[in-house]
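> quick one, fold the following:
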Amino acid sequence: MNKLSSLCAFSYAILIALLFAANQVGASACCGGGFAAPALIAGDDKAIFTGSYLYSQISDDVYADGLWSKRDFRESLESFRLDGAHIFRDRWQGGLSLPIIRRARQGEVSTGLGDIALTLGHEYLADWDYSPWRPKGLGYLQLTMPTGRSVYAADSEYQLDARGRGFWALGLGTLLTKIKGRWDFFSNMDLHHSFRRKNLKPGWGGNIGLGAGYNWTRVRTGASLVWTFEDPVQVTGVISSPGSRERYATASLNASYLYSDDWAGTLTYSDQTWFGDPVNARLGQSVIFQLQRRWAR
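Okay, the predicted model is just below:
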């Protein structure tokens, strides 16, 4: 495999993590929305392991009526994340995502486990004949476990100990990728449902993402845009509330470097204030660094 093909394979694997990792900052990580990033092998590898570090600053609040408010005191978020995936039975794969989240605001700090996710993927559309137009297709099923405390159970100041959604969730998604010369393109769609818990009734949510990149011998640069939505969480009991839907878009610019056939690193900048018509969201800017190790088939 030449260096360009190796970089393209790395790019796909890293892009999957980046596509959703950006959604974990700002609104989703802080107010219980979003969906855990899938750990998937998008290239021609047997196994991958990715370590990532994310730093985010929350700069704006958008209320349920769409009104924006600039923050006087910004809130920071750091995420240390481990993702692994392994192929079995040729076109099937399993993956695991494990995040540790640290939130800080005005001298108050909280650190702990986020929501853990298990992923089952299947390559339903192979690119064996190198069709000039047909993409490679990967479908996945994901189970998200509420191992991170939700905003509804938070008891620290500023709710800094909220590091997850607080619900079991099951999602179904698909990833399409295509290489055309030195260019690569991808799209990702997922739909997930969160299950009721005591007096809390969540609903459906999803992500739609598009992206492209240009490859040199060892370097790839690219951009992506992901739209995220979540149904309202209805609260019943002594105090009832219909909740409010959540919506925002995350734009990302990234650059990857191929150290060798087995190692690659990626640096990404993401901003949630550039695009879309956000509702009920906490928006921020983030920097993500990822280091990935892969094992060839």
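> secondary structure element for the closest residue to residue 229 other than its chain neighbours, which one?
Leaving aside its chain neighbours, residue 229 sits nearest to residue 247 (4.8 Å; criterion: C-beta to C-beta, 6 or more residues apart in numbering). C-beta: built from backbone N, CA, C; applies to glycine. Element membership for residue 247 (DSSP states H and E) is strand 246-258.
> ok, back up a step: quick check: the residue nearest to residue 229 vs residue 64, distance?
Distance from residue 247 to residue 64, counting by C-beta to C-beta, to the nearest Å: 10 Å.
> of these two, which one has the most company?
residue 247 (20 against 13; other C-beta atoms under 10 Å).
> that one touches residue 228, doesn't it?
Yes. The pair formed by residue 247 and residue 228 meets the contact definition of C-beta atoms under 8 Å, at 7.1 Å.
> what touches both of those two?
Listed as contacting both residue 247 and residue 228 by C-beta atoms under 8 Å, 6 or more residues apart in numbering is no residue at all.
> all helices of this structure, in order?
Counting by DSSP state H, the chain has helices at residues 3-21, 27-31.
> between the ones you listed, which gets the lowest average pLDDT?
For the helices of the chain, the weakest mean pLDDT is recorded on helix 27-31, namely a mean of 42.
> picking that back up, now the common contact residues for residue 247 and residue 64.
279-280.
> with just CA atoms, put stretch 119-126 into CSV.
C-alpha atoms of stretch 119-126 as CSV (Å, rounded to 0.1, in the frame of the first residue of the first chain):
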residue,chain,number,x,y,z
THR,A,119,-20.7,-0.2,18.5
LEU,A,120,-21.4,-3.1,16.0
GLY,A,121,-20.6,-2.3,12.4
HIS,A,122,-21.0,-4.1,9.1
GLU,A,123,-19.6,-3.2,5.7
TYR,A,124,-22.7,-3.6,3.6
LEU,A,125,-21.3,-1.9,0.4
ALA,A,126,-17.8,-3.0,-0.4
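> how about residue 196: what's its closest non-neighbour residue?
residue 202 (7.1 Å).
> OK, contacts around the one you found?
165, 167, 194-196, 230-231, 233-234.
> next one: phi and psi at it?
phi -80, psi -170 (degrees, to the nearest 10).
> got the confidence number for it?
93.
> remind me, longest strand of the chain?
strand 68-88 (DSSP state E).
> buried stuff in it?
For strand 68-88, the neighbour count (16 or more other C-beta atoms under 10 Å) marks 74-75, 77-79, 81, 83-87 as buried.
> OK, contacts around the residue nearest to residue 95 when sequence neighbours are not counted?
In this structure, residue 95 finds its nearest non-sequential neighbour in residue 39, 3.0 Å apart by C-beta to C-beta, 6+ apart. Going by C-beta under 8 Å, 6+ apart, residue 39 touches 16-17, 50, 83-85, 95-97, 117, 119.
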